[in-house]
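> sequence-free structure coming up:
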């Protein structure tokens, strides 16, 4: 399971290096509402209010949403400090992440 979790974080890092992610509540929300987000990840440590807000928004805009990782894990995968939310803007990275996340979450 740890290997799969590392794969998810590695893919987030690759997508970030390629300039295909945005992070932070405001940027993630903007990406979802503008139709750019292919996938949204919210940290397990995010507040219930934040999780609910993104759940409702992603359901409405039909964007896959995953609750995964700690703020520190997501942040360090992106080469930044803590991150509670991020959006992947690339379809290829989005589908690769979706597959890894589906596998990881099913195995828990």
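Thanks, I have the structure now. The structure displayed is predicted, hence computed values, not measured ones.

> what comes into contact with stretch 6-25?
Defining contact as C-beta atoms under 8 Å, 6 or more residues apart in numbering, one finds that stretch 6-25 is touched by 28, 30-31, 41, 50, 68-69, 73-74, 76-80, 83-90, 93, 96-97, 100-101, 104. No exception for glycine: its C-beta is placed from N, CA and C like everyone else's.

> and if you look at stretch 56-73?
Stretch 56-73 has contacts (C-beta under 8 Å, 6+ apart) with 5, 8-9, 29, 32-33, 35, 37-46, 51, 54-55, 74, 77, 82-84, 87, 94, 98, 101, 104-105.

> Please indicate which of the contacts of stretch 6-25 are buried?
When the contacts of stretch 6-25 are checked for burial by 16 or more other C-beta atoms under 10 Å, the buried set is 28, 31, 41, 50, 68-69, 73-74, 76-78, 83-90, 93, 96-97, 100-101, 104.

> Mind jotting down where the strands sit in this protein?
Using DSSP state E, the strands of the chain run over residues 21-23, 39-42, 65-67, 85-88.

> Let's have the ones you listed in JSON lines, adding distance to residue 14.
Output for those, formatted as JSON lines (distance: least, C-beta to C-beta, whole Å):
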{"stretch": "strand 21-23", "distance to residue 14": "10"}
{"stretch": "strand 39-42", "distance to residue 14": "14"}
{"stretch": "strand 65-67", "distance to residue 14": "17"}
{"stretch": "strand 85-88", "distance to residue 14": "10"}
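
> Could you save the ones you listed as JSON lines and add columns showing distance to residue 59 and mean pLDDT?
Formatted as JSON lines, the strands of the chain follow (distance: least, C-beta to C-beta, whole Å; pLDDT from 0 to 100):
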{"stretch": "strand 21-23", "distance to residue 59": "20", "mean pLDDT": "98"}
{"stretch": "strand 39-42", "distance to residue 59": "11", "mean pLDDT": "98"}
{"stretch": "strand 65-67", "distance to residue 59": "8", "mean pLDDT": "97"}
{"stretch": "strand 85-88", "distance to residue 59": "15", "mean pLDDT": "98"}
